Structures are given as C-alpha cells and as structure tokens.
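[1] could you work out the structure for the sequence below:
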Amino acid sequence: MTENGIYVKGGPIPPRRRRAQLNWLLTVLPAFPLVLLVLRLWWLSRQDLPTMLLLVQYISPLGMISALFITLIWSIPAVILVLRLLGGILLVSAPDDAGRSLLAVTALRMPDWVVLIAAMLAAFTWQLRLLPLLAMLIVAILGLTAAQRFRGERWLTLWITICVPVLAGTLVLIFVWPGIVQALRIGEISTALLLGVPPLLGPLLTGPVPARTARLVTHWPAVGAALIAPLVIGVVFLRAPVLPDSAVEVGNPVHVVRGQLIAVDDTSTTVLEDGGLVTFIPNDQVRSKTLCPVPARPPDSAVTVRGWSVVDSALSWIAPTRQVTEVDPRCLGRPLKAS
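    Predicted coordinates for the structure are as follows:
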C-alpha cells in the first residue's frame, strides 16, 4: 500500500471490513455528544424524570452544545495527536502489519494540516504544565514522519529524529526549570514530573520499537485511552454549568430564591433550586433578579513558571476576563436592601 510517498507492507484492510469499521465509527461519534447532553440533564434534574423533561423543553440545544464545546475543547487535539503518534510508531516499527491495522491506516491518512491545527489548538487550550507534553508529542510526530518519508536522506532523518528532539527538549527544560525546582520544594511531585519528564522522552519516541512488541506498545495504549477517555470526558462535562446561576428577590417581605434560571415567560419565572426543586415564581412577585458568578475554584497547583501559573492556559492569558470585585448580597441569599 502506497500513500503520501510511504510504502506499507502487509496489504490494506479489506474494503468490506473497512466499511464496517467506518460505519460503526460514524454511528458512535455523533451519538456520544448526544449521550453526554442527556446525562447532563439527567444529572441536573437529580434523576427526576418530570424535571428532566421540563429542562429539555426550555434549555437551548445551542447553549448545551456551546457548554460541551468549551468544556471539552482540550480533548480534540489530545485524541488527534495521540492517534498520530501511536500510528506512526507502528508504521516505522512493523510495516508488515501496518497495512492491516486501523490505527496505522488512520495515522497514515491523517493530513498534515489536521495535525498542525490540533497542535495549535492544544498550545492555546492546554494548561502550562501540559505544554512540555505537547512539545514531546510534536517532536515525536515530526521524527516519525521524517522516518517514514525520508528513508533515503540519512542526514536529514538523523537531524529530525535526534537533533531536533534533543534541542527542543533542552529549550523546554531551560524554560520550565524554575517551575520544577519550585514544585520539588513544595512537594508537588506530579507537577515536577509533568514539567520535567516529557522533554527527556522526545528522542525515545522518534525511532522504531522491536517489531514483536510494536502492536503491544501501540494498540493497547490506544485501547486503554479509548476506554478511559469517555469516562473522563463525562465526569468533566457533568460538572460544567449549563444554566445561569441566579438570585431572585421575591414577595413582601422580600426574600431571595437562589438557583439556576430555567425560563421566564409571560406569567412566571422558573428556577431550579440547589436541591433539585423547581420553583415557579409569579412575575408580579419578582422584585429583582441578578446573575451570580461561578465560584472560583482554588488552583490545583501553586507552582509558577517565570511568573505564569502552571494551571492557566495561553487562552486564559489572552482572553478578557470579568473581574468580580464585590459579591452581590442577593447571591449570598440576602435581599439587596435590608429591611
């Protein structure tokens, strides 16, 4: 099989089997986001079917899809880059079996511009402590691509597979070294490993592995990631807000109803309270409403690298943010004007 100037032994996957695999893939991929959206509503309704049906009636599908996209945007480049890396390792390690491997065929047919866009997206959306891992993936993919396409160019292949990973790893280590030292000093071993280990692994991932173990070191990690990734993505999305957190002043004497605003129509304001209770407030009893900011979670790590927190992404540095300087008393359950 010859594609993109690369010859792969072993023959291609039979067309009927490939079509069957593609049909299953095209069936599962659109269904997975739908399952996530339904589970999010089921979780939000506290497993109460009437409440869930009410949420389905009022919640905008575009709002749900937007929340899903913003929450899980980091996972798209992760899937693309890992598939390209594992498939590339199999292509250079066991070309006899590569033509019969869906993983290798996927990597072989993946356009370079898709990998480039995935790397750029990851650079903007991944946390700083994951950027050394991103650099390792990029240099490894470059080395594997060079090993596939420039077999006759010995010095060019040597430069891309050895020199570039070593140089890139050295530059990354120089940049993150203050963060590694700080992480070790305060006992954050996991952060120190994320910052320091990936730059050392880049040169090891650009060459072939023994052909007998090629499928073991490529297919099993891919299968494990395919099994774990939906669980991780589901847990992350189930915590994402999909309704605005609001506070409504009601009645006379005035009291505050806290919860998530579902809808406002001609007669009432519908609020989902924290315990899962749906409250219909007549509009003539509503005195005021306000949006409450999402409580800021404490950072997972106190480590900084040259002034930048390792839990922030480049997108969070660039994008404008709303600074909350004073908490509205209604968001704390107190009327705006004390009686």
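[2] which of the helices or strands spans the closest residue to Gly234 other than its chain neighbours?
    Once flanking residues are discounted, Gly234 sits nearest to Leu36: 6.2 Å by CB to CB, 6 or more residues apart in numbering. Where you see a C-beta, it was placed from the backbone N, CA and C, and this is true even at glycine. Per DSSP states H and E: Leu36 is located in helix 15-44.
[3] repeat that for Ala229.
    helix 211-238.
[4] Pro253 now?
    With DSSP H and E as the test, Pro253 turns up in no helix or strand.
[5] go on, Ala240?
    Using DSSP H and E, no helix or strand contains Ala240.
[6] that one and Ser313, how far apart?
    Note on Ala240: its distance to Ser313, by CB to CB, to the nearest Å, is 16 Å.
[7] of the two, who's got more company?
    Ser313 (20 against 14; other CB atoms under 10 Å).
[8] who's that one bridged to?
    Beta-bridge pairing for Ser313 (DSSP bridges): Gln127.
[9] next up, the contacts around it.
    124-128 (CB atoms under 8 Å, 6 or more residues apart in numbering).
[10] quick one: buried ones out of those?
    For these, a burial check counting by 16 or more other CB atoms under 10 Å picks out 124-128.
[11] can you list the weak-confidence ranges in the stretch 51-200 of the chain?
    Where the stretch 51-200 of the chain drops to pLDDT under 70, the residues are 97-99, 152.
[12] one more pass at 80, please.
    60-61, 63-64, 68, 94-102, 148-158, 160 (pLDDT under 80).
[13] quick check: Val242 vs Thr71, distance?
    9 Å.
[14] got the domain ranges for the chain?
    Here the domain parsing of the chain from automatic domain parsing is 2-238, 245-332.
[15] what's the local residue count around Glu326?
    5.
[16] state the distance from it to Pro293.
    11 Å.
[17] show me what whatever helix or strand comes next after the helix holding Ala229 is packed up against.
    Remark: after helix 211-238, the chain's next helix or strand is strand 245-250, criterion DSSP H and E. Counting contacts by 3 or more CB pairs under 8 Å, 6 or more residues apart in numbering; DSSP states H and E, strand 245-250 is packed against strand 255-264, strand 268-272, strand 286-291.
[18] ok and strand 245-250 relative to strand 268-272, angle-wise?
    Angular relation of strand 245-250 and strand 268-272 on a 0 to 180 degree scale: 130 degrees, by axes from the mean of the first three to the mean of the last three CA atoms, to 10 degrees.
[19] can you give the contact residues for strand 245-250?
    255-261, 269, 271, 281, 285-294, 328, 330-331, 333, 335-336.
[20] how far off centre is it?
    Taking CA atoms, centre = their mean, to the nearest Å, one finds the center of strand 245-250 at 32 Å from the center of the full chain.
[21] so what's Thr170 up against?
    Thr170 makes contact with Pro199, according to CB under 8 Å, 6+ apart.
[22] also the one 5 residues further on?
    Residues in contact with Phe175 (CB under 8 Å, 6+ apart) are 305-306.
[23] please tell me how far it sits from Leu144.
    Relative to Leu144, and taking CB to CB, Phe175 is found at 24 Å.
[24] next: Leu108.
    In terms of CB to CB, Leu108 sits 11 Å off from Leu144.
[25] shared neighbours of the two, which are they?
    Counting by CB under 8 Å, 6+ apart, the residues touching both Leu108 and Leu144 are Leu91.
[26] mind checking which of the two has more residues around it?
    A side-by-side neighbour count of Leu108 and Leu144, using other CB under 10 Å, places Leu144 first with 27 against 21.
[27] need phi/psi at the closest residue to the more buried one other than its chain neighbours.
    Of all residues not flanking Leu144 in the chain, Gly88 sits nearest, at 3.4 Å (CB to CB, 6+ apart). Here is the backbone geometry of Gly88 (degrees, to the nearest 10): phi -70, psi -40.
[28] tell me the contacts of Gly88?
    Applying CB under 8 Å, 6+ apart, the residues near Gly88 are 107, 140-141, 144-145, 148.
[29] likewise Ser309?
    128, 299, 301, 303.
[30] which of the residues in the helix or strand hosting Ile174 are buried?
    Element membership for Ile174 (DSSP H and E) is helix 164-186. For helix 164-186, burial by neighbour count (16+ other CB under 10 Å) applies to 164-165, 168-169, 172-173, 175-176, 179-180, 182-183.
[31] with distance to Ser45 as extra columns, can I get those residues in TSV?
    TSV is the format used below for the buried residues of helix 164-186 (distance: CB to CB, whole Å):
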residue	distance to Ser45
Val164	52
Pro165	50
Ala168	49
Gly169	49
Val172	46
Leu173	49
Phe175	47
Val176	44
Gly179	42
Ile180	45
Gln182	44
Ala183	41
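[32] list just the nearest of these to Trp220.
    The shortest approach to Trp220 among the buried residues of helix 164-186 belongs to Pro165, at 24.0 Å (CB to CB).
[33] number of residues surrounding Arg287?
    Arg287 has 16 nearby residues by other CB under 10 Å.
[34] roughly how far does it sit from Ala78?
    47 Å.
[35] one more: Thr145?
    19 Å.
[36] which residues touch the nearest residue to Leu156 once chain neighbours are set aside?
    Leaving out its chain neighbours, the residue that sits closest to Leu156 by CB to CB, 6+ apart is Phe150, at 5.2 Å. Contact analysis of Phe150 by CB under 8 Å, 6+ apart lists 156-157, 160.
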